[in-house]
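1. Make a model of this:
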Amino acid sequence: THILSAQGRDRGLARDVFRSRLPERIVRRRSKAESTSYFGRCIDAELPTVRAHLLDGRLAAQGLLDVDTLERSLTADRLIWENRYGDIMTLAAVETWVRAWDRA
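-> From the prediction side, this is the model:
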């Protein structure tokens, strides 16, 4: 990993190798932008659907989720303050995966 992150930069080796083909701002960039804000916008836009998907889902039915805590967290205000978008996306993905196996 120390070779891949040459000079302490995310994707440092790739940036060095392709230096002549990349814009200078990309070569100098220290990291890649986070996707948290994107996840946040997606969840906010579909919050009622996400709430129903998780709170009425298989994971909740099996007691694998703390439904009371999750229900309190699945509001626009709490999501902004707690910054748990990644966790919510992971739970939604696992719930979708479980449902897919139920149909198989």
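2. so what's residue 57 up against?
-> Residue 57 sits next to 95, 98, 99 when contact means CB atoms under 8 Å, 6 or more residues apart in numbering. From N, CA and C alone the C-beta is placed, and that goes for glycine too.
3. Helices of the protein, start to end?
-> Using DSSP state H, the helices of the chain run over 12-17, 24-28, 36-45, 47-55, 58-61, 67-73, 76-82, 85-103.
4. Is it possible to get a markdown table of those that adds mean pLDDT and mean neighbour count?
-> A markdown table is the format used below for those (pLDDT from 0 to 100; neighbours: other CB atoms under 10 Å):
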| stretch | mean pLDDT | mean neighbour count |
| --- | --- | --- |
| helix 12-17 | 80 | 15 |
| helix 24-28 | 80 | 11 |
| helix 36-45 | 82 | 14 |
| helix 47-55 | 96 | 15 |
| helix 58-61 | 96 | 16 |
| helix 67-73 | 94 | 13 |
| helix 76-82 | 84 | 12 |
| helix 85-103 | 91 | 14 |
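5. The residue sitting nearest the centre point of the chain and residue 43, how far apart?
-> Nearest to the mean C-alpha position of the chain, by CA atoms, centre = their mean, lies residue 86 at 3.4 Å. As judged by CB to CB, to the nearest Å, residue 86 and residue 43 stand 10 Å apart.
6. Next: residue 64.
-> Counting by CB to CB, the gap from residue 64 to residue 43 is 20 Å.
7. In contact with the closest residue to residue 65 other than its chain neighbours: list those residues for me.
-> Spatial nearest neighbour of residue 65, chain neighbours left out: residue 59 (5.0 Å); criterion: CB to CB, 6 or more residues apart in numbering. Counting by CB under 8 Å, 6+ apart, residue 59 touches 65, 91, 94, 95, 98.
8. mind redoing it with 7 Å?
-> Residues in contact with residue 59 (CB atoms under 7 Å, 6 or more residues apart in numbering) are 65, 94, 95, 98.
9. How about residue 74?
-> 47, 50, 51.
10. The same query, at a cut-off of 10 Å, please.
-> Contact partners of residue 74, counting by CB atoms under 10 Å, 6 or more residues apart in numbering, are 43, 47, 48, 50, 51, 52, 54, 55, 84, 88, 91.
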